[in-house]
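[1] turn this into a structure:
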Amino acid sequence: MDRARPLTPARRASRRAAHRAVLASHSGPQAEMFDRREAAALTGAAIGLQGQATRAEIRRVARRSSRLVLYYDRLWEDNDTWEPFAIAGREHLDAALARGRGVIFVPSHFGRYRWVPLALLELRLPVTLLVDERNHGLITADVDARIDAMHHHLRPDIFDTVESGDPSALWQLARALKGGSVTVMFADGNSGIDGQASPRGAQVVPFLGQSIFVRPGIGALAATTDATVVPVFCHERRDGPPILRFDPPIYRGPDERRSVYRERVMLELFATLEREILAQPWLWEEWWILPRWLAAAPVFPEISAPPPRRFSVTLPGLVGRRLCLPRDDIWALRGASGPEIWSFASGEVVRGEAELADLLRAAEERRPAGAWLRERPSIEPARRTLEGALDAGLVALLR
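    From the prediction side, this is the model:
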């Protein structure tokens with residue numbers, strides 16, 4: 001790893017200002033928007049992290065990842081506090097360049113991914129970035145302005161973009177590689193317009209315990225050009241500059257068919273991304289969109305019928321019993337018009353009563369059943385809610 005430079009006072013101040021913006025987002029006029037973003041992120045995190053994290057951890061991941069976008073927005077706005085990356089895996093970068101077949105750098109929407117093209121430009125590498133149609137003009141103008149303001153020593157033609165919706169996009173990227181430019185293509189930029197992954201022309205890969213549709217463009221470009229694929233990840237440090245890490249290169253074996261290599265590239269990229277997500281799930285920005293990539297209904301543990309209830313739901317009968325959740329797929333979420341109870345296994349809203357949502361949250365925390373019932377404004381309706389949830393298998397009781 002390159003020697004880490006200490007943070008300057010200006011960069012520390014920029015980080016503190018970004019953190020204050022995140023804290024302010026918990027209240028005020030933006031709070032509702034961030035709550036909706038958090039609820040959307042929770043659906044993906046609940047599907048992707050089941051069995052890997054507790055419910056409390058999953059809720060924290062959804063909250064942190066949904067607001068981390070704002071944190072990086074604020075850092076991105078401040079050119080004066082640009083933090084050059086410390087480089088890890090430089091040997092992988094050098095090996096890929098030395099191979100001489102062109103290099104496809106593959107970051108993901110993870111950590112400070114927005115700075116990856118600028119970091120490559122700082123390494124004097126001509127960059128061609130694949131961007132979606134909606135953001136094409138904005139990103140091109142933004143990066144060009146930053147080059148003028150911060151990297152004026154770079155030649156003007158060192159950065160270019162290709163629009164992902166252009167039918168000739170693959171040809172343009174191949175031409176850029178042949179001309180000596182490296183390309184940047186996001187592994188998880190596979191969702192098309194409005195986040196909906198299309199099965200047409202897609203490859204199905206395993207990811208976070210599910211099967212998802214992905215765009216195979218990275219693999220297709222690598223197979224067509226014989227370029228080297230290098231996964232790239234950004235990581236944070238509290239007391240030092242962020243880390244840009246180059247992973248071991250992926251390239252075609254001497255006897256490997258191009259069609260096999262094309263599919264293997266995508267499998268390896270998503271396996272690598274899954275590893276990084278499970279290590280630091282709050283750094284992944286795309287939780288909200290994961291459900292739209294699914295190639296089938298989400299996989300959850302098989303749901304068995306609840307055992308018949310053999311006791312009366314009364315305050316004396318609940319003594320010593322704690323609430324718990326017998327199913328991983330049932331979640332209480334905040335909807336646009338109030339609480340919603342979702343079954344992710346079926347993709348349906350089960351019920352939407354506020355009292356049932358409160359009961360499920362109490363069951364997540366394994367609170368005493370009797371205490372929950374006594375806290376209700378009206379005990380009899382709450383008792384019927386608990387009784388119905390027990391009989392439906394939405395909650396269970398532990399001694």
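[2] surely Pro242 touches Trp82?
    No: contact criterion CB atoms under 8 Å: Pro242 and Trp82 do not qualify, at 10.8 Å. Heads up, the C-betas are built off the backbone N, CA and C, glycines and all.
[3] which neighbours do those two share?
    Trp115 (CB atoms under 8 Å, 6 or more residues apart in numbering).
[4] any stretches of the stretch 151-300 of the chain with poor pLDDT?
    By pLDDT under 70, the low-scoring segments of the stretch 151-300 of the chain are 151-156, 190-199.
[5] residue boundaries of the helices in it?
    169-178, 217-225, 258-279, 290-293 (DSSP state H, counting those that start in this stretch).
[6] rebuild those helices as TSV, extending it with distance to Glu38.
    What follows is the helices of the stretch 151-300 of the chain, written out as TSV (distance: least, CB to CB, whole Å):
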stretch	distance to Glu38
helix 169-178	34
helix 217-225	30
helix 258-279	18
helix 290-293	14
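[7] what's the closest of those to Cys234?
    helix 258-279 (9.8 Å; CB to CB).
[8] just the buried residues of the closest one, please?
    261-266, 268-270, 272-274, 276-277 (16 or more other CB atoms under 10 Å).
[9] nearest to Arg15 among the residues you listed?
    Relative to Arg15, and with distances defined as CB to CB, the nearest of those is Glu276, at 21.9 Å.
[10] look up the closest residue to the closest one, ignoring the ones flanking it.
    Closest residue to Glu276 apart from its sequence neighbours, by CB to CB, 6 or more residues apart in numbering: Phe233 at 5.6 Å.
[11] what's the helix or strand containing Ala39 in contact with?
    Using DSSP states H and E, Ala39 sits in helix 31-48. Here helix 31-48 makes contact (CB under 8 Å, 6+ apart) with 25-26, 58-59, 61-63, 65-67, 69-70, 207-210, 277, 281, 286-291, 294, 298, 331, 333-336, 342, 344.
[12] packing partners of the longest strand seen in the chain?
    When the chain is parsed with DSSP state E, its longest strand is strand 228-235. If you count contacts as 3 or more CB pairs under 8 Å, 6 or more residues apart in numbering; DSSP states H and E, strand 228-235 packs onto helix 90-99, strand 103-106, helix 217-225, strand 243-246, helix 258-279.
[13] please redo it, this time with the cut-off set to 7 Å
    helix 90-99, strand 103-106, strand 243-246, helix 258-279 (3 or more CB pairs under 7 Å, 6 or more residues apart in numbering; DSSP states H and E).
[14] any idea which of the helices of the stretch 151-300 of the chain gets closest to Leu398?
    Among those, if distance is taken as CB to CB, the winner is helix 258-279, at 28.2 Å.
[15] now the closest one against helix 31-48, angle please.
    120 degrees (axes from the mean of the first three to the mean of the last three CA atoms, to 10 degrees).
[16] now Thr224, nearest residue through space, not along the chain?
    Per CB to CB, 6+ apart, closest to Thr224 is Ala174, 6.0 Å.
[17] so the one you found is in contact with Leu221, correct?
    Yes: here Ala174 reaches Leu221: they are 6.4 Å apart, a contact under CB atoms under 7 Å.
[18] more neighbours, those two?
    The residue with more neighbours, out of Ala174 and Leu221, is Leu221; 24 against 18, by other CB atoms under 10 Å.
[19] what separation do you get for Glu122 and Trp115?
    Distance, Glu122 to Trp115, by CB to CB, to the nearest Å: 10 Å.
[20] between these two, which is the more surrounded one?
    Applying other CB under 10 Å to Glu122 and Trp115 shows that Trp115 carries more neighbours, namely 22 against 17.
[21] what about the more buried one, which SS state?
    What DSSP: H, G, I helix; E, B strand; the rest coil gives for Trp115 is helix.
[22] not counting its neighbours along the chain, what's nearest Asp160?
    Thr128 (4.7 Å).
[23] what lines up beside the host helix or strand of the one you found in the sheet?
    In this assignment (DSSP H and E), Thr128 forms part of strand 127-131. Sheet pairing for strand 127-131, assigned by DSSP bridges, gives strand 159-163 (parallel), strand 182-184 (parallel).
[24] deepest-packed of those, please.
    Highest mean neighbour count among the strands paired with strand 127-131 (mean count of other CB atoms under 10 Å): strand 182-184, with a mean of 25.
[25] centre of the chain to that one, how far?
    22 Å (CA atoms, centre = their mean, to the nearest Å).
[26] again, but for stretch 168-182
    With CA atoms, centre = their mean, you get 28 Å for stretch 168-182.
[27] buried set for that stretch?
    Ala169, Leu170, Gln172, Leu173, Ala174, Ala176, Leu177, Ser181, Val182.
[28] go on, stretch 363-371?
    Ala363, Glu364, Arg367, Ala369, Gly370.
[29] now the terminal residues of that stretch, how far apart.
    Stretch 363-371 has an end-to-end distance of 12 Å (criterion: CA to CA, to the nearest Å).
[30] picking that back up, so which of the buried residues of stretch 363-371 are in helices?
    Among the buried residues of stretch 363-371, DSSP state H puts Ala363, Glu364, Ala369, Gly370 in helices.
[31] in contact with Glu286, which residues are there?
    His109, Asp188 (CB atoms under 7 Å, 6 or more residues apart in numbering).
[32] tell me the pLDDT of the residue of the chain most remote from its centre.
    Centroid-distance maximum for the chain: Pro316 at 45.9 Å, with CA atoms, centre = their mean. On pLDDT, Pro316 comes in at 85.
[33] check the one 10 residues further on too.
    Note for Pro326: predicted pLDDT of 88.
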